[in-house]
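> this one's sequence-less:
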C-alpha cells in the first residue's frame, strides 16, 4: 500500500496510545499506528457516513 490514500475515520486511542484508522469499506482492515499523515478532510459525501 505504498503511496496510496483511502478514506478512514480518525480516532485517538488513549488506552494503547496510538491512532486508530477505521475504514468505511469493510473490505479494508482496521489500522492501529503511532504515526500517520492526514492528507485531507472529507467535508461532504454523496451518502451519509453515519
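Yep, that arrived. Just so it is clear, the structure is predicted and the values come from calculations on it, not from any experiment. Numbers count the residues shown, from 1 in each chain.

> Name the SS class of the residue lying farthest from the centre of the chain, please.
Relative to the centre of the chain, the most outlying C-alpha is that of residue 46, 18.4 Å out, by C-alpha atoms, centre = their mean. Under DSSP: H, G, I helix; E, B strand; the rest coil, residue 46 falls in the coil class.

> pLDDT at it, what is it?
pLDDT recorded at residue 46 is 79.

> Now it. Its backbone dihedrals?
Residue 46 adopts backbone torsions of phi -70, psi -30, taken as degrees, to the nearest 10.

> where in this protein is pLDDT low?
Applying pLDDT under 70 to the chain flags the ranges 1-4, 48-50.

> What's the local residue count around residue 22?
When neighbours are defined as other C-beta atoms under 10 Å, residue 22 has 11 of them. Glycine gets a C-beta too; all of them are placed from N, C-alpha and C.

> Which helix or which strand is home to it?
strand 18-23 (DSSP states H and E).

> quick one: the residue nearest the centre of the chain from residue 16, how far?
Centroid-nearest residue in the chain: residue 8, 2.7 Å away (criterion: C-alpha atoms, centre = their mean). Distance of residue 8 to residue 16, computed by C-beta to C-beta, to the nearest Å: 17 Å.
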